[in-house]
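**Student:** what would the 3D arrangement of this be:
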Amino acid sequence: MNQAQQQNIINYLTKHLNTNGQITFKAFKGGASNLTYSIKDSTNEWIMRTSPPGTKAKGAHDMHREYQLLEQLHADFPLCPKVILMCTDKNVFEREFYLMQPINGIIIRKQLPEIYQNFDLSLLCKELIKVHHQLHNASTDNLQHFNKGSGYIDRQISGWIHRYTQVAPKKDLAEPVIKWLVNNQPKDNRKYTLIHNDYKFDNVVFDAKKPDKIIGVLDWEMTTIGDPLMDLGCSLAYWFESSDHELLRQISMMPTYLDGMLSRDEMVHQYCLASGQSIDNYHYYYIYGLFRLAVILQQIYHRYEKGQSDNPAFKPLGMVRDLIIKQAIDQL
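**Tutor:** Down below sits the predicted model:
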């Protein structure tokens, strides 16, 4: 975002918010999807969310949808951010954006924060699962316009396969995974719930004063109504453990493989305890999560290859995509 664009936004915020003093922008580093900025004046802070530049997959990076969902969800699930303002005026900025209140605390990324040295890491895993189940148990009365009805599993499988074919690399390893997912779909007879679709350590905020308590859940871009076990599978796809291939541990964006962290099996067991249900075989949902993650990585890498992003962090994503697909093949 250049200086002229920032000034346009500053003028807009000054007009629509009770701002005090000079306004500053700071981009958050990290995420490979939507762009996030901290905007501050002398007394307030807001978080701005907007889509990345360039061509986008159909239905992706819909800021208005995300704002609307958070606005309607906050009363029933207060761990989601409270939204402040939505801007769709292209004269202000070339892409839609919204503001929300910040949730300040600890976010676990690639390196384990110092506060967790000599900490019982299983407590973090159990809290992560507990809040995931709370999210699945949140009221969806105000969100039924996000519910497309029965057939969620089939829609996801066919949808992600279609997205993959639109950007598939020349050297394509995913064919056996695609065939297996199509031929082994479980019965779609589970009660649909609110699902986050990107629920993981680096999208939750822990309390700095009580570091095993989650105080916020971030990044609601892909949230919808659907099968909660498909959501669990998406989360498990990011959960590399100590027994996984060394390269997977090296590319992991979260320290889930450290001694003391729960394994995937143990995470599923915790979910069963929280939800009161039995999951005899979660591998379909895990393999689906891995394939979906591979598609997301390929979509980002495809933008990079086409010159629509010059972020150097995207350069190795082709290799990472293949590692994820190989992990899925190993599970077959």
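
**Student:** longest helix of the chain?
**Tutor:** What stands out as the longest helix in the chain, according to DSSP state H, is helix 283-305.

**Student:** list the helices and strands that helix packs on?
**Tutor:** For helix 283-305, the elements it packs on are helix 152-167, helix 175-183, helix 228-236, helix 317-331, judged by 3 or more Cβ pairs under 8 Å, 6 or more residues apart in numbering; DSSP states H and E. (Glycine included, C-beta is placed from N, CA and C.)

**Student:** out of those helices, deepest packed?
**Tutor:** Per residue and on average, the most neighbours among the helices and strands packed on helix 283-305 fall to helix 228-236, with a mean of 24 (mean count of other Cβ atoms under 10 Å).

**Student:** could I get the CA-only coordinates of that one as PDB?
**Tutor:** What follows is helix 228-236, C-alpha atoms only, in PDB (Å, rounded to 0.1, in the frame of the first residue of the first chain):
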ATOM      1  CA  PRO A 228     -17.600 -30.200  11.800                       C
ATOM      2  CA  LEU A 229     -15.400 -33.200  11.100                       C
ATOM      3  CA  MET A 230     -14.400 -31.700   7.700                       C
ATOM      4  CA  ASP A 231     -13.300 -28.600   9.700                       C
ATOM      5  CA  LEU A 232     -11.400 -30.800  12.100                       C
ATOM      6  CA  GLY A 233      -9.700 -32.400   9.100                       C
ATOM      7  CA  CYS A 234      -8.600 -29.000   7.900                       C
ATOM      8  CA  SER A 235      -7.000 -28.300  11.200                       C
ATOM      9  CA  LEU A 236      -5.300 -31.600  11.400                       C
END
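
**Student:** sorry, back to before: of all the helices and strands packed on helix 283-305, which lies closest to residue 126?
**Tutor:** helix 228-236 (14.0 Å; Cβ to Cβ).

**Student:** what angle separates the closest one from helix 283-305?
**Tutor:** If you take axes from the mean of the first three to the mean of the last three Cα atoms, to 10 degrees, helix 228-236 sits at 50 degrees to helix 283-305.

**Student:** which secondary structure element contains residue 37?
**Tutor:** Assigned by DSSP states H and E, residue 37 belongs to strand 35-40.

**Student:** partner strands of that strand, with direction?
**Tutor:** strand 24-27 (antiparallel), strand 45-50 (antiparallel) (DSSP bridges).

**Student:** re earlier: so for the longest helix of the chain, mean pLDDT?
**Tutor:** Per-region confidence: helix 283-305 scores 94 on mean pLDDT.

**Student:** report the buried residues of it.
**Tutor:** By neighbour count with 16 or more other Cβ atoms under 10 Å, helix 283-305 contains the buried residues 284-305.

**Student:** and it, how far out from the chain's middle?
**Tutor:** How far helix 283-305 lies from its chain's middle: 12 Å, per Cα atoms, centre = their mean, to the nearest Å.
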